[in-house]
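Asks: here you go, sequence then predicted model.
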Amino acid sequence: MTSTPDISVIVTIHNEWQYLPRTLLSISEAATDACHAGLSVECVFVLDSSEEKTRNIIKQKKLNGVDEIKIIEVDYQSVSLSRNHGIIQSKGDYIFILDADDLISFSILRKLYCSAINSPIKTIFTPRFKFGFDLSYFIVEYFSSDLINIGDMVCQNLYNARLFSHRSFFENNPYFDMPFQSGYAFEDWLIATEALASGYRFQAVDETAWYYRVRKHSLFQQSINKTTRQIPKSKFFDYNTFLENYEITRKITHSPKSIGIEVLNNSFQMTLMKRANRIDPAIIPYNFYNYSTGEFSNATSGITGHAYAKICRIENNKNFSDIFFLSPIHFPYDFFDDFFSKNKSTKVAFFIIGDELNFENIHRHYPDITIINFEKIMPGIENKNRDIIIIKTLQNQSTTTKLHFFPTEFSYKIYEKFHIIFNNQCFYYSLRNLSYHEKLRELEFLNTLGSTWHENLKQQKETKTTMRILLSNGTPLASRE
């Protein structure tokens with residue numbers, strides 16, 4: 001083998017011993033195909049806190065077509081740190097990221113490499129199709145980033161974990177560690193957004209496929225159950241960076257049309273699936289025809305990117321010291337008279353859902369504040385996507401920006417879902433003049449918080465206004481004492 005392999009396949013492994021033999025056979029087929037094309041392939045297996053049974057499978061399995069195998073044992077308990085370690089130890093010009101329970105089409109390494117050497121270096125390659133199988137069945141088709149509304153990355157990852165690129169990309173953009181207790185997840189979404197912010201483009205390569213095993217207790221499923229399902233702050237969502245990328249892709253008038261289930265009539269894809277079926281019998285067209293939960297693509301509508309672009313234009317370069325999540329019904333003028341008399345130099349934003357308040361009157365009283373009515377800015381947006389856009393908006397603010405939550409269903413839901421990632425910035429207020437129904441809802445909300453945050457919540461004495469203050473960090477603001 002040459003001193004520098006053409007391709008390094010990085011496989012992170014925990015305890016997937018029951019799936020690992022099939023994954024290794026899939027890698028071996030792809031490496032053999034690449035070898036016949038004159039390419040050299042290195043496999044780097046990173047065993048992260050793996051059991052003896054898993055380690056033995058790796059150490060005893062022979063891989064045809066692979067020129068060199070490296071086995072590295074670590075104790076990170078982190079897929080991101082394991083990948084980074086494997087990348088550092090690898091030698092290939094190009095790197096392909098793989099998990100220990102997936103399968104790949106037999107010609108994928110050759111196809112990805114041939115596309116890479118004939119493209120600009122700042123390109124990331126991904127399979128054209130993703131076939132989910134096992135616990136559930138679905139099909140996802142991917143298109144290149146210059147063909148889709150890339151702004152919709154604000155609410156979802158439009159690409160996937162199976163990335164292939166020159167090693168310089170991975171060396172300059174290491175995966176970010178996201179322990180569950182941080183509240184964050186989805187390192188693949190984050191690295192994709194950072195790539196776009198750095199001027200990379202994504203290219204989906206024809207005649208390639210990735211077979212994604214859907215498991216009940218997979219790391220992805222744990223991330224959904226144990227976190228906010230959000231990524232840390234990304235450069236891509238900085239206002240100017242986002243608008244620059246959005247302006248390029250918003251000119252797309254016709255998104256590519258996904259072929260969906262018709263891919264099963266594609267002779268080449270069926271050849272790939274038949275080869276995969278020899279390795280895992282669960283990968284068969286019948287299951288996709290009869291048990292599929294849907295056919296999807298990354299050619300999305302562009303509506304969420306458009307909504308976030310509106311926010312970027314409103315808030316561009318504005319740094320707020322305080323952001324208030326307000327009720328559309330109760331507006332506490334006395335409280336804000338007191339607040340602004342004691343905080344004359346603050347920059348304040350009001351986040352509101354609904355049109356019930358008299359915004360002209362509010363602006364007349366407090367002319368320097370910024371009011372953002374998310375319902376007006378984002379008509380037709382699903383609530384879950386609206387909330388994600390709000391979180392991206394907050395991440396653009398300073399970590400010292402104080403977030404104030406007043407009693408309203410809107411603020412309850414934002415606080416309940418995301419307070420873990422903004423905890424030290426959050427303050428909750430209770431109005432004395434709530435209706436009976438509103439007070440019951442507030443008690444339900446506070447009881448929910450009390451199950452995990454009771455020790456951190458301390459009730460403060462009533463102020464001269466209609467408020468009493470509950471502070472999530474237990475410390476009163478000096479100006480409110």
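Replies: Structure received.
Asks: host element of the residue nearest in space to the middle of the chain?
Replies: The chain has W189 as the residue nearest its centroid, 4.0 Å off, counting by CA atoms, centre = their mean. Following DSSP states H and E, the helix or strand that holds W189 is helix 187-197.
Asks: which other helices and strands contact that helix?
Replies: Under the contact definition 3 or more CB pairs under 8 Å, 6 or more residues apart in numbering; DSSP states H and E, helix 187-197 sits against strand 201-214, helix 239-249. Yep, even glycine has a C-beta here, placed from its N, CA and C like the rest.
Asks: sorry, back to before: quick one: the residue nearest to the centre of the chain and S28, what's the gap?
Replies: As judged by CB to CB, to the nearest Å, W189 and S28 stand 30 Å apart.
Asks: partner strands of whichever strand or helix holds I372, parallel or antiparallel?
Replies: Per DSSP H and E, I372 falls inside strand 370-373. Strand pairing for strand 370-373, using DSSP bridges, gives strand 348-352 (parallel).
Asks: which residues touch the strand it pairs with?
Replies: Strand 348-352 is contacted from outside by 315, 318, 320-326, 328, 340, 362, 366, 368-375, 390, 410, using CB atoms under 8 Å, 6 or more residues apart in numbering.
Asks: that one - what's its average pLDDT?
Replies: Along strand 348-352, the predicted confidence averages to a pLDDT of 93.
Asks: the helix or strand following that strand - contacts with which helices or strands?
Replies: With elements assigned by DSSP H and E, the helix or strand that comes after strand 348-352 is helix 359-365. The contact analysis (3+ CB pairs under 8 Å, 6+ apart) places helix 359-365 against helix 333-342, strand 370-373.
Asks: for helix 359-365, which positions count as buried?
Replies: I362 (16 or more other CB atoms under 10 Å).
Asks: pull the residues that contact it.
Replies: In this structure, residues lying in contact with helix 359-365 by CB under 8 Å, 6+ apart are F331, Y333, F336, D337, F350, I369, I371, N373.
Asks: for the stretch 251-400 of the chain, which segments count as helices?
Replies: For the stretch 251-400 of the chain, the helices defined by DSSP state H, counting those that start in this stretch occupy 267-279, 285-291, 303-315, 333-342, 359-365, 374-377, 383-395.
Asks: same question, the stretch 101-250 of the chain
Replies: Listed from the start of the chain, the stretch 101-250 of the chain has helices (DSSP H, counting those that start in this stretch) covering 108-117, 167-172, 187-197, 219-226, 239-249.
Asks: switch those helices over to a markdown table; also include distance to T4 and mean pLDDT.
Replies: Formatted as a markdown table, the helices of the stretch 101-250 of the chain follow (distance: least, CB to CB, whole Å; pLDDT from 0 to 100):
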| stretch | distance to T4 | mean pLDDT |
| --- | --- | --- |
| helix 108-117 | 14 | 98 |
| helix 167-172 | 10 | 97 |
| helix 187-197 | 23 | 97 |
| helix 219-226 | 31 | 80 |
| helix 239-249 | 34 | 91 |
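Asks: in TSV: the ones you listed, plus distance to D152.
Replies: Written out in TSV, the entries for those read as follows (distance: least, CB to CB, whole Å):
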stretch	distance to D152
helix 108-117	24
helix 167-172	22
helix 187-197	12
helix 219-226	19
helix 239-249	9
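Asks: mind showing which ranges of the protein have poor pLDDT?
Replies: Per-residue confidence for the chain (pLDDT under 70) gives these ranges: 1-2, 253, 431-439, 442, 445-481.
Asks: residues in contact with the one helix or strand H85 maps to?
Replies: When secondary structure is defined by DSSP H and E, H85 falls within helix 79-89. With CB under 8 Å, 6+ apart as the test, helix 79-89 has contacts from 8, 10-12, 44-46, 48, 70, 72, 74, 76, 95, 97, 99, 167, 170-171, 174-178, 187, 219.
Asks: give me the helices and strands touching the one helix or strand I95 maps to, please.
Replies: In this structure, I95 is located in strand 94-99 according to DSSP H and E. Taking 3+ CB pairs under 8 Å, 6+ apart as the contact definition, the neighbouring helices and strands of strand 94-99 are strand 7-13, helix 20-36, helix 79-89, helix 108-117, strand 164-166, helix 167-172.
Asks: got the contact list for the residue nearest to P179 when sequence neighbours are not counted?
Replies: Counting by CB to CB, 6 or more residues apart in numbering, P179 lies nearest to S78, which is 7.1 Å off, once chain neighbours are set aside. By CB under 8 Å, 6+ apart, the contact set of S78 is D48, D177, M178, P179.
Asks: before we move on, what about V205?
Replies: The neighbourhood of V205, defined by CB under 8 Å, 6+ apart, consists of K111, L112, S115, F125, T126, P127, R128.
Asks: what's around the residue lying closest to it once chain neighbours are set aside, how many residues?
Replies: What sits nearest to V205 in space, not counting adjacent residues and going by CB to CB, 6+ apart, is S115, at 4.8 Å. Counted by other CB atoms under 10 Å, the residues lying close to S115 total 17.
Asks: my guess is S115 contacts Q203. True?
Replies: Yes. Taking CB atoms under 8 Å as the contact criterion, S115 and Q203 are neighbours in contact, 6.5 Å apart.
Asks: okay, and the common contacts of these two?
Replies: Here S115 and Q203 have F125 as joint contacts, going by CB under 8 Å, 6+ apart.
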